[in-house]
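> here is the input, now give the coordinates:
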Amino acid sequence: MRLREARLALGFGQRKQFALYLGVYPGTLGKYEIGLSEPQASFLALYKTICGISLDWLLTGEGSMFDKSGPKSPPLAEPDINIAHLQKAVHIVEKALADSQHASGKKAKLIKLVYAMLKAGKGTEPIGRLIDILRAD
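Numbering: from 1, shown residues only. The predicted structure is shown next:
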């Protein structure tokens, strides 16, 4: 019950989005949330390290839900972004910059731009064309 409560407090209405954010299978998260399986300590540690959830609260229900640092904001919790398109776009960026000397700086700027384009509903085709142009520099 507290796993679900934490997910909702972090702004994830859908279990699948939160599972992707944590890097776990949605079915696994679902089994834990409804009590069909008991999570291992390594799984609970994800709540602390990724989300800032207090393990004391998660295990016992006592104290504050969030640890001293407070809740950690998820970078991609917005439901209007198609995760599959974002994954494809990130793959395009990584492939395009694989041999670049300045890959890390360019990658960050491109991912930010890709996110904005996807949020605006542009899809992945113009992103590929944009990267081809940028790769020529």
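
> buried residues in the helix or strand hosting Lys31?
In this structure, Lys31 is located in helix 26-34 according to DSSP states H and E. Residues of helix 26-34 classed as buried: Leu29, Gly30, Tyr32, Glu33 (neighbour count, 16 or more other Cβ atoms under 10 Å). C-beta coordinates here come from the backbone N, C-alpha and C atoms, glycine included.

> possible to save these as CSV with pLDDT?
Putting the buried residues of helix 26-34 into CSV (pLDDT from 0 to 100) gives the following:
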residue, pLDDT
Leu29, 93
Gly30, 93
Tyr32, 94
Glu33, 93
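
> let me know the closest of the residues you listed to Leu55.
Within the buried residues of helix 26-34, distances to Leu55 taken as Cβ to Cβ reach their minimum at Tyr32, with 14.7 Å.

> dump the buried residues of helix 26-34 into TSV; add distance to Gly63 as well.
Supplementary listing: the buried residues of helix 26-34 in TSV, determined by distance: Cβ to Cβ, whole Å:
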residue	distance to Gly63
Leu29	23
Gly30	26
Tyr32	21
Glu33	21
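
> separation between the residue found closest to Ala9 once you drop the neighbours it is linked to in the chain and Leu55?
Nearest in space to Ala9, with sequence neighbours left out and distances taken as Cβ to Cβ, 6 or more residues apart in numbering, is Met65 at 6.2 Å. Distance of Met65 to Leu55, given as Cβ to Cβ, to the nearest Å: 11 Å.

> which of the two has more residues huddled nearby?
Met65 (20 against 14; other Cβ atoms under 10 Å).

> tell me the pLDDT of the more buried one.
Per-residue pLDDT puts Met65 at 87.
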